[in-house]
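[1] for reference, the sequence and a predicted model appear below.
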Amino acid sequence: IADADPDFGYQKARPVLRPDWFYIHGEGAMAGPVGRHSEPARFRWTGVPSGWSVASNLDRYPPERLTVNDVGGRLFAGGTDLRVLHRMFGHRPLRVPLPGDWPFEDFEFVDALARVVEAGNAYLDEAAIPFFVSLAPLAGGETGLMSTGGSGRPGGFALSSTTNRSLDYLVRLLGHEYGHRWFGGSFGPRSQPDHAEYWFTEGFDDFFAAQALVRAGVWDETDYASELNDVLLRYGTSPARTRPNAELGDAFWQDQAAQQMVYDRGHLFALALDAERPLRTALLAMANGAEAFAGAETQAARFARAYRLDPAHLETMLAGEPIVFAPDHFARCGTVRWVEQQAFASGFTVEVRDGVPWFATVAEGSPAWAAGLRPGMRYVRRVSFRPGDSTVSLVLVVADETGERQLSWLPQGGVSLRFQRLRLAPGRVVARCRA
């Protein structure tokens, strides 16, 4: 049992045991007999101590359908510091076990989640289903570090995050994770290996989440433009921008730039196609007409057929050809323009010794050096920064033998990069984005 929340090294298959709550993924704690994964199983809570709350996405699972394999893919949480929250939508329950302290009220999180779920259902004209979403706290937020992740589970999904993430940030993640009800889920068989079609199951999911949030009024045009410009910045300045899809897949779990490119390239490819013909028509066909597709046809292949996707267009994207939008691509909302700024470069490297981060190197002549950062200083906390954006100051609190101090500099690397950006039209005209 640990006295602290799990840190950035948290792996979802590992049980989390705290003095006042626990959080378990089935595959990390439930042993299954070899070769008998499809056999019937039973589950029930017993011996729950007084004052505890417990929750699992097995609680309302039809017992006559439960198998050994089902138990391995489920979530289990309990303890005295666990609030189990409930909402009903479409006559179906939404359940949320929530431990820890967050910068928002419990009801605000559940209300936001309910709006996200309703937005996704409306976009794909799907009925509500019982849903279960967990959110586990990660340590590190007190030092300014940020980490958030999620994984799909049967009938729900599991999230973990440092507690300094805003509710607005989590709404975008909730939209993506709920999209996995279809993308990587009910839309059909996934490719083998999975990463060959991450451009669809992850990238198109990002497109879907943004579109659904806007259509439902959860986001306005300013929210959408901000999110899109973050994507365009990452995409346009990424070292993985022109790498073929096959290479991105092979490097997905080892290279952060390659991993993010799979999402961003897929998202922008979806936007490009949506301007030719509405993607929603093809996605609705996939959601509501599974019988029209061959049983073994993968999700991306089903989409290509439903949308009538030009194979040459697909191959160009998979080969890594940059995606460029015309100035009037978002004509109803604003103008796409090219901008320039210096590449993001922190100017330092960090090493961790005995659990404490220290600055190992600082590039002489860099903005970090000019601000006073030196090798051997200790990292205390991050006050502010914007990932990948060299126009926003990086503000850190550091320490040496003289004590703590706050340093600030623009994390610029001296190399100028060009990328695209959406500039919203002024005044009342922007309301056309919502049409």
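    On my side now, so go ahead. What you see is a predicted model; the values in this text were computed from it and never measured. Numbering: from 1, shown residues only.
[2] rest of the way, CA atoms for contacts and neighbours
    Will do.
[3] any chance you could map the strands in the stretch 1-150 of the chain?
    If DSSP state E, counting those that start in this stretch is used as the criterion, the strands of the stretch 1-150 of the chain fall at 16-17, 21-25, 53-56, 75-79, 82-89, 92-99, 131-138, 148-153.
[4] kindly report the same for the stretch 301-435 of the chain.
    Defined through DSSP E, counting those that start in this stretch, the strands belonging to the stretch 301-435 of the chain, from first to last, are 334-344, 348-353, 356-362, 378-384, 394-400, 403-409, 412-424.
[5] which one of the strands of the stretch 1-150 of the chain lies closest to V324?
    Among these, the nearest to V324 by CA to CA is strand 148-153 (29.1 Å).
[6] show the average pLDDT along the helix or strand that comes right after that closest one.
    Counting by DSSP states H and E, the next helix or strand C-terminal to strand 148-153 is strand 156-162. If you average the pLDDT over strand 156-162, you get 88.
[7] any chance you could list what contacts strand 156-162?
    Outside of strand 156-162, the residues that reach it under the criterion CA atoms under 8 Å, 6 or more residues apart in numbering are 57, 75, 131-141, 145-152, 177-178, 181.
[8] now which of the residues you listed would you call buried?
    Of the members of the contacts of strand 156-162, the ones counted as buried by neighbours, 16 or more other CA atoms under 10 Å, are 57, 75, 131-141, 145-148, 150, 152, 177-178, 181.
[9] thinking again about what came up before, rebuild the strands of the stretch 301-435 of the chain as JSON lines, extending it with mean neighbour count and distance to T67.
    Conversion of the strands of the stretch 301-435 of the chain to JSON lines gives the following (neighbours: other CA atoms under 10 Å; distance: least, CA to CA, whole Å):
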{"stretch": "strand 334-344", "mean neighbour count": "17", "distance to T67": "50"}
{"stretch": "strand 348-353", "mean neighbour count": "14", "distance to T67": "44"}
{"stretch": "strand 356-362", "mean neighbour count": "16", "distance to T67": "45"}
{"stretch": "strand 378-384", "mean neighbour count": "19", "distance to T67": "46"}
{"stretch": "strand 394-400", "mean neighbour count": "18", "distance to T67": "51"}
{"stretch": "strand 403-409", "mean neighbour count": "16", "distance to T67": "56"}
{"stretch": "strand 412-424", "mean neighbour count": "17", "distance to T67": "50"}
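[10] out of the ones you listed, which gets nearest to V84?
    In terms of CA to CA, the element of the strands of the stretch 301-435 of the chain nearest to V84 is strand 378-384, at 32.3 Å.
[11] contact partners of the closest one?
    Taking CA under 8 Å, 6+ apart as the criterion, the residues outside strand 378-384 that touch it are 142-145, 356-359, 393-400.
[12] and the residues you listed, which is closest to E276?
    Out of the contacts of strand 378-384, the member with the shortest distance to E276 (by CA to CA) is S393, at 39.1 Å.
[13] does the closest one really touch S408, like I thought?
    Yes - shown here, S393 and S408 form a contact pair, counting by CA atoms under 8 Å, at 6.2 Å.
[14] so how far is V96 from the spatially most central residue of the chain?
    Central residue of the chain (CA atoms, centre = their mean): L173, 4.5 Å from the mean position. In this structure, L173 and V96 are 15 Å apart, going by CA to CA, to the nearest Å.
[15] also H25?
    From H25 across to V96, the span is 15 Å (CA to CA).
[16] more neighbours: which of the two?
    V96 (26 against 22; other CA atoms under 10 Å).
[17] residue contacts, the more buried one?
    So V96 contacts R83, V84, L85, H86, V110, F132, V133, S134, L135 (CA under 8 Å, 6+ apart).
[18] including distance to E291 and pLDDT, could those go into JSON lines?
    Shown next, in JSON lines, are these (distance: CA to CA, whole Å; pLDDT from 0 to 100):
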{"residue": "R83", "distance to E291": "41", "pLDDT": "95"}
{"residue": "V84", "distance to E291": "38", "pLDDT": "94"}
{"residue": "L85", "distance to E291": "37", "pLDDT": "93"}
{"residue": "H86", "distance to E291": "34", "pLDDT": "91"}
{"residue": "V110", "distance to E291": "35", "pLDDT": "93"}
{"residue": "F132", "distance to E291": "28", "pLDDT": "91"}
{"residue": "V133", "distance to E291": "30", "pLDDT": "92"}
{"residue": "S134", "distance to E291": "33", "pLDDT": "90"}
{"residue": "L135", "distance to E291": "35", "pLDDT": "91"}
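[19] hang on, the earlier thing: so which of the strands of the stretch 301-435 of the chain comes closest to Q254?
    By CA to CA (comparing all of the strands of the stretch 301-435 of the chain), the closest turns out to be strand 348-353, at 18.4 Å.
[20] tell me which other helices or strands the longest helix seen in the chain touches.
    For the chain, the longest helix by residue count, based on DSSP state H, is helix 256-276. Helices and strands touching helix 256-276, by 3 or more CA pairs under 8 Å, 6 or more residues apart in numbering; DSSP states H and E, are helix 198, helix 205-215, helix 221-237, helix 245-250.
[21] show me where pLDDT drops low in the stretch 301-435 of the chain?
    Regions of the stretch 301-435 of the chain meeting the criterion pLDDT under 70 cover residues 427-435.
[22] for the residue nearest to S238 when sequence neighbours are not counted, list the residues it contacts.
    Nearest residue to S238, sequence neighbours excluded (CA to CA, 6 or more residues apart in numbering): A257, at 6.6 Å. With CA under 8 Å, 6+ apart as the criterion, the residues that contact A257 are S238, P239, A240.
[23] who wins on neighbours among those?
    Neighbour counts for those peak at A240, which has 21 neighbours (criterion: other CA under 10 Å).
[24] need the pLDDT of that one.
    The score at A240 is 96. That number is its pLDDT.
[25] all good on my end, thank you.
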